[in-house]
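Asks: The following block contains a protein sequence and its predicted model.
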Amino acid sequence: MSNFIGMDDEDEEDDEDEDEDEDEYIESSVEVGATSPFTGLKLDPFDPKPLMKPRPSKYFPEEYENKLSAVPDDELVQTMSAEERAENLKVMRQISKNDLPLLQDKRDHAGYMEANQDLKRRIAKDPWFGVNERLRDAVQFGKSEEEIKKLRDLMEKLGGPPGDVEIGWRGYAEQIDIYKYEMSAVAKAMRLENAIRKDRSAQGRARMEERKRNEEKEKEQYEEDMRFPGLRREREAKVRREAFLERIGGILEEDRKKTEERAKEILGKLPETEDDMIRSSIDQARTDLLKLKKQRGGSAAVEGDEATTSAASGKKGSSAQKAREAAAAEASGGRPRLPGDKDVTRGELGDMELDPSSSTDTGPLTVEVSSVYNKEQSDPPMRKHCFQYTIRITNNSSTDTIQLLGRRFEIQTVGSSMKDVVQGEGVTGRQPILKPGEVFEYTSTAPLSVRPIGTTIIAARMRGEYRYVTLAPEQETATDDQVKSGGDASAELGTFHFIFPEDQRVIPFKRTEDEVDEDDDEEDDDDDSVAVKKPEASKPSSAAKPKSPASSLPGDDDMKNGDIVGKLDDSSDTTNENVRVQVSSSYRPERSDSALDKHCFAYNIRITNDSEQSIQLVSRRFEIQTIGSPNKDVVQGPGVTGRQPILKPGESFEYTSTAPLSVKPMEKTPVVARMQGEYNFVQLGEDGSTPLSSTPLQAKLGVFHFVLPA
């Protein structure tokens, strides 16, 4: 054991001696302050990655520039003629496409190097190739536009591309364009596959776009049908009628040409009387079609239409007469018409109470209706006036279940001698079932083409009935026989009127006694319904004033005197009956005029259903009080923005409206108005459409203010 220990000690001493010798050798072999001849950096003998001399290339231009860019750009000239350049290009292609591949296959390295050097010499002989390569690098490496333009101008100076070389869309020639390499079968297949893939991708995108457009169109049509029931059908019917009129016009024109040809064939010439008769028949047919179209739209009937049609049609059974009969059948659309009430035709309703609503009890059903003028969908200059009516049907029976099967309405516009009869199966596309005590309510619109007259404030009169059947105790729905028979009873929709708002009414002008005496001779020729400014002394009778709910309430004292109590919030957030109502308001300077005390505000309302049941908003009621006013204006109506949206649990409905105010602000406060209100809604059953109760619940719209900006 001691021998081994002694030997270990000697080995350790030998190792230490060797290390000292190596250190002395390294210190003696390295010169102090030695630097690299290539980079100028100080050499470190202990660096595991010593610097190496870089290989000469275009990125280390010491030798590259000396070989390829020895001549400055401004001294580059083309020394070869066009024929010589074309011949040089031909030889270059021969070397690149044939010689080099052949020598490589034979493994003749010396011959390959010699041919490659010959190719390089020929490339250098034509300076255009070198500039083209520089331009390619400049474009691919994103050099400046100024440098790229300079190289392109230099290429033009050198005579452009040689031979049949074509410049690509990037401004330079690729190698495949210079040497005209043939595309391999694999490359051709790949290019074809890429083309097919691109074509399929384009077709897929086109189909997706078309599908997206169709979905958007279906969504717009659904929203339009919900907001304006029947409007799209009316528009489509109008398009069909116009197409039919064009078709009838073509038939008449073809008939006229045949008649002319027949007359020329028999008489040798076209008699002028025959031509006049044919043209007169065509013109009269078109006039009759327009009159029929207007009558269907609700305008006043023209007296003597039947006599005029018969007189102008010529022979009985002529082509013009047949065309008019076909057009009349098309225009009526199968909708029957009845003689109208004379008082509505004349517009003289006397002392009749003009009520925009009615309530009628028939057997176990109570049918209530209320109507309002829809300003958003009306166009008075074009005589387009739209009214919105809400119908509420209540089953007052304590034992019987009733199903509504159909409806029938009679509508007569003022000035028209006929009533339009609208009838159909179901109500709003359904046949609702009302259990004892249940209520069915819906809102619809009545677009009318009518002109206000000075003798009355109504636009139309409407009445009707609902057909229904009483279901047996164990019966869930009406049988087919009951539906075909139209039910066993009907509930009356009481007479009510669509009444023009005050700004759309025509007030008759009343002359003084002196004016009547002076113009007595001309009185018979004057129109007694001229639309003029309403005189202060002329007031409509109380009998003609429609009944309506109170339009104003006593206001808040702090708004009256301008000493606002509480925070001046321009928003609110309130939750009632698990329904959250949020509102925020903003000033609209582009629609305001402070010089005229006209101030317009926009307010955004968001209604969220936080309950566990679906709900449907049925009506709204707002109270607005302007600063300095002692009263509050009350605005109420069915639905929200013309709709009665259904909100499932967690869903929200949001809309934006405007409040144009005519008010003079007070210096003591920036508030110009205060608003609050409520939304009425009903809870729906599991099917998401059947109301659970006839008594609506209320969600409060919290108090907020319309505040002028600082």
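Replies: Structure received. Since the structure is predicted, the reported quantities are computational estimates derived from the model, not experimental observations.
Asks: what's the burial count for F601?
Replies: Neighbours of F601 under the rule other CB atoms under 10 Å: 23. For the C-beta atoms, the positions are set from N, CA and C on the backbone; glycine is no exception.
Asks: where does it fall, helix, sheet strand or coil?
Replies: For F601, the assignment made with DSSP: H, G, I helix; E, B strand; the rest coil gives strand.
Asks: In contact with it, which residues?
Replies: Neighbouring residues of F601 by CB atoms under 8 Å, 6 or more residues apart in numbering: S585, S586, Y587, R588, T658, A659, L661, A673, F706.
Asks: And it, how far from E590?
Replies: From F601 across to E590, the span is 12 Å (CB to CB, to the nearest Å).
Asks: go on, V239?
Replies: 37 Å.
Asks: More neighbours: the two, which one.
Replies: Ranked by neighbour count (other CB under 10 Å), V239 and E590 place V239 first, with 9 against 6.
Asks: how about the more buried one, secondary structure?
Replies: Assignment for V239 (three-state DSSP): helix.
Asks: Let me see the contact set for it.
Replies: With contacts taken as CB under 8 Å, 6+ apart, V239 has no neighbouring residues.
Asks: Start the count at 95 instead of 1 going forward.
Replies: Shifting the count to begin at 95 puts that one at V333.
Asks: what's around Q719, how many residues?
Replies: Q719: 22 neighbours (other CB under 10 Å).
Asks: average pLDDT across the host helix or strand of it?
Replies: Here Q719, judged by DSSP states H and E, is contained in strand 709-720. If you average the pLDDT over strand 709-720, you get 91.
Asks: Parallel or antiparallel, list what pairs with it.
Replies: Strand 709-720 has its sheet partners listed here by DSSP bridges as strand 725-732 (antiparallel), strand 740-741 (antiparallel), strand 765-777 (antiparallel).
Asks: So which of the ones you listed is the most surrounded?
Replies: Across the strands paired with strand 709-720, the average number of neighbours (mean count of other CB atoms under 10 Å) peaks for strand 765-777, which reaches a mean of 21.
Asks: looking at it, S723 is touching N655, isn't it?
Replies: No: applying CB atoms under 8 Å, one finds S723 not in contact with N655, separated by 11.1 Å.
Asks: Looking at the two, which has the bigger crowd around it?
Replies: S723 (17 against 14).
Asks: Doesn't the more buried one belong to a strand?
Replies: No: counting by three-state DSSP, S723 is not part of a strand but coil.
Asks: Switch the contacts of F695 over to a markdown table; also include secondary structure, distance to G733 and pLDDT.
Replies: Output for the contacts of F695, formatted as a markdown table (DSSP: H, G, I helix; E, B strand; the rest coil; distance: CB to CB, whole Å; pLDDT from 0 to 100):
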| residue | secondary structure | distance to G733 | pLDDT |
| --- | --- | --- | --- |
| S679 | strand | 21 | 93 |
| S680 | strand | 24 | 91 |
| Y681 | strand | 27 | 91 |
| R682 | coil | 24 | 90 |
| T752 | strand | 18 | 87 |
| A753 | strand | 18 | 89 |
| L755 | strand | 24 | 91 |
| A767 | strand | 23 | 94 |
| F800 | strand | 24 | 93 |
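Asks: can you pick the most crowded of those residues?
Replies: F800 (25 neighbours).
Asks: Touching, that residue and P764? I think so.
Replies: No: F800 is beyond contact range of P764, at 9.5 Å (criterion: CB under 8 Å).
Asks: Need the overlap of contacts for those two.
Replies: Between them, F800 and P764 share no contacting residue under CB under 8 Å, 6+ apart.
Asks: Okay, and the residue nearest to S666 when sequence neighbours are not counted sits in which element?
Replies: Closest residue in space to S666, ignoring its immediate chain neighbours: G796 at 3.2 Å, by CB to CB, 6 or more residues apart in numbering. Element membership for G796 (DSSP H and E) is strand 791-801.
Asks: what's the angle between that strand and strand 709-720?
Replies: 30 degrees (axes from the mean of the first three to the mean of the last three CA atoms, to 10 degrees).
Asks: which residues are in contact with strand 791-801?
Replies: Applying CB under 8 Å, 6+ apart, the contact partners of strand 791-801 are 658, 662-668, 670-671, 673-675, 677-679, 681, 693, 695, 697, 699, 701, 716, 753, 755, 764-777.
Asks: residues in contact with T752?
Replies: Applying CB under 8 Å, 6+ apart to T752 gives the contacts R682, R685, C694, F695, A696, Y697.
Asks: please redo it, this time with the cut-off set to 6 Å
Replies: By CB atoms under 6 Å, 6 or more residues apart in numbering, the residues touching T752 are A696.
Asks: A585 now?
Replies: Counting by CB under 6 Å, 6+ apart, A585 touches T456, L459, V461, Y560.
Asks: pretty sure the first one is in contact with S584, am I right?
Replies: No: using CB atoms under 6 Å as the test, T456 is too far from S584 to be in contact (7.2 Å).
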